[in-house]
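Participant: Here is a sequence together with a model predicted from it:
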Amino acid sequence: MWRWSSRIGAFTVGFVISLLAVFVYSLLTGLFTFTPQRTTRTPVSARCMAENYFASPETILGALKSEDVGVRRETWRRLYLRPGVAHVYYDYERDREYPERAAAAQVRYADLDGDGQLEALLTFVRFEQPAALVLQRDECGWQLRAALSAWLRSEDYPYRDWLEVVELCKPGTHELVLHESTGDAITYVRKARVLKLIDGTLAQVAEFTEEEIKPVAGYRGADWNAVKERTTTRYRAMPATTGRAPLLQLETVDEVIKYEGVAPLYTYWLETDGAWHALAAHWRTRPAERVKLLAMRTEYLSWDGAQQRFSVDER
């Protein structure tokens, strides 16, 4: 009988000790274990700042063409005069107080980064200078990615083809080719800059000189001002093939030419004053004939996917 009593007592003591151990373990676990609280996602409406987004590109164009200077000033402030916007070839200081109305405005849509979604490209002329806006759309609306312009004020007005939308790297994805020029009474240079939207930023991925006109070195004839050396380059996109990256083929002609006659007149309509204007074209558009062919050559720029730019192709 004593043997069974001792066994029952030992069992009871062991059972009580086990309960105490479980209790102590649960208590310590509760003290030192962190249970994360359930987090709630910030609503889209709270994450989207109205200051940085627009309802549509057409809304922006309407504001830039508005006759109300207050509307134009506020829209220009939201577009240009804020941090984080990539300004390319654009002097925006003068637009702080009295931005001029946009003229020759239009909207084009193209896939500029290859994600299958269309970006908006707004082009217009202000202060006799072309400008453009590149916008992307997300869940919040349309946001400005880049503002750009070309310094063509006195060389190539009225800027009909200053900015091209072309396919250079792969079908369905577009790049921008910006044509900008500088010059004076005897010289002229026009360059092409290839711009590509990469990770939300408009980057220059290639550059080449399209046309250069200068006096002929050592020429002292009476018609020296009409005789020029002219170098012109035309580009052609060559799509990728098996084992070969996309190429830009550059065909260049170097020649001596002689200008005759006068530059043609052209007329254009300005929306800002509601009137037609007539202006002589640039002197380089005068009729010219070739005096001597100096050289012809072909070069290639190859797309480097790792560097995300075109580089000289040695072939």
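Facilitator: Structure received. Everything numeric in this text was worked out from a predicted model, so none of it was measured.
Participant: Which positions in stretch 266-285 come out as buried?
Facilitator: For stretch 266-285, the buried set under the neighbour-count rule, 16 or more other CB atoms under 10 Å, comprises 282, 283, 284. From N, CA and C alone the C-beta is placed, and that goes for glycine too.
Participant: mind listing what the residue lying closest to the last one once chain neighbours are set aside touches?
Facilitator: Pointing back at residue 284 there. Using CB to CB, 6 or more residues apart in numbering and skipping residues adjacent in sequence, the residue nearest residue 284 is residue 188, 5.2 Å away. Contact criterion CB atoms under 8 Å, 6 or more residues apart in numbering gives 155, 181, 182, 211, 212, 213, 282, 284 as the residues in contact with residue 188.
Participant: mind giving me a markdown table with the buried residues of stretch 266-285 and columns for distance to residue 195 and secondary structure?
Facilitator: Shown next, in a markdown table, are those (distance: CB to CB, whole Å; DSSP: H, G, I helix; E, B strand; the rest coil):
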| residue | distance to residue 195 | secondary structure |
| --- | --- | --- |
| 282 | 24 | coil |
| 283 | 29 | helix |
| 284 | 25 | helix |
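Participant: could those go into a markdown table alongside pLDDT and distance to residue 111?
Facilitator: Supplementary listing: those in a markdown table, determined by pLDDT from 0 to 100; distance: CB to CB, whole Å:
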| residue | pLDDT | distance to residue 111 |
| --- | --- | --- |
| 282 | 89 | 34 |
| 283 | 93 | 39 |
| 284 | 93 | 35 |
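Participant: From those residues, pick the one nearest residue 121.
Facilitator: When those are compared for distance to residue 121 (CB to CB), residue 282 wins out at 25.7 Å.
Participant: residues in contact with the closest residue to the closest one other than its chain neighbours?
Facilitator: Leaving out its chain neighbours, the residue that sits closest to residue 282 by CB to CB, 6+ apart is residue 155, at 5.7 Å. Residues counted as contacts of residue 155 (CB under 8 Å, 6+ apart) are 181, 182, 183, 188, 190, 282.
Participant: if we go to 6 Å?
Facilitator: Contacts were defined as CB atoms under 6 Å, 6 or more residues apart in numbering; by that measure residue 155 touches 181, 183, 282.
Participant: List just the nearest of those residues to residue 267.
Facilitator: When the contacts of residue 155 are compared for distance to residue 267, the smallest value, 15.5 Å, is given by residue 282; criterion: CB to CB.
Participant: Need phi/psi at that closest one.
Facilitator: Backbone torsions of residue 282, given as degrees, to the nearest 10, read phi -60, psi 150.
Participant: do the same with residue 50
Facilitator: Comment: the main-chain dihedrals of residue 50 come out as phi -60, psi -30, following degrees, to the nearest 10.
Participant: again, but for residue 52
Facilitator: Here is the backbone geometry of residue 52 (degrees, to the nearest 10): phi -100, psi 0.
Participant: can you count the residues close to it?
Facilitator: Residue 52 sits with 15 neighbouring residues when counted by other CB atoms under 10 Å.
Participant: Name the nearest residue to residue 66, sequence neighbours excluded.
Facilitator: Nearest non-adjacent residue to residue 66, counting by CB to CB, 6+ apart: residue 72, 5.6 Å away.
Participant: Same question for residue 110.
Facilitator: Excluding its sequence neighbours, the residue lying closest to residue 110 (CB to CB, 6+ apart) is residue 174, at 4.2 Å.
Participant: circling back: what count of nearby residues applies to the residue nearest to residue 66?
Facilitator: Residue 72 sits with 21 neighbouring residues when counted by other CB under 10 Å.
Participant: Can you check the pLDDT for residue 127?
Facilitator: Turning to residue 127, the model gives it a pLDDT of 72.
Participant: correction: residue 38
Facilitator: According to the per-residue confidence, residue 38 scores 45 in pLDDT.
Participant: likewise residue 43?
Facilitator: The per-residue pLDDT of residue 43 was computed as 51.
Participant: in the protein, which residue is closest to the centre?
Facilitator: Taking CA atoms, centre = their mean, the centroid of the chain lies closest to residue 202, which sits 3.4 Å from it.
Participant: Remind me which helix or strand that residue belongs to.
Facilitator: strand 201-215 (DSSP states H and E).
Participant: Give me the buried stretch members for the very next helix or strand once past that strand, please.
Facilitator: Along the chain past strand 201-215, the next helix or strand (assigned with DSSP H and E) turns out to be strand 227-238. Neighbour-count burial for strand 227-238, with 16+ other CB under 10 Å as criterion, is recorded at 227, 228, 229, 230, 231, 233, 235, 238.
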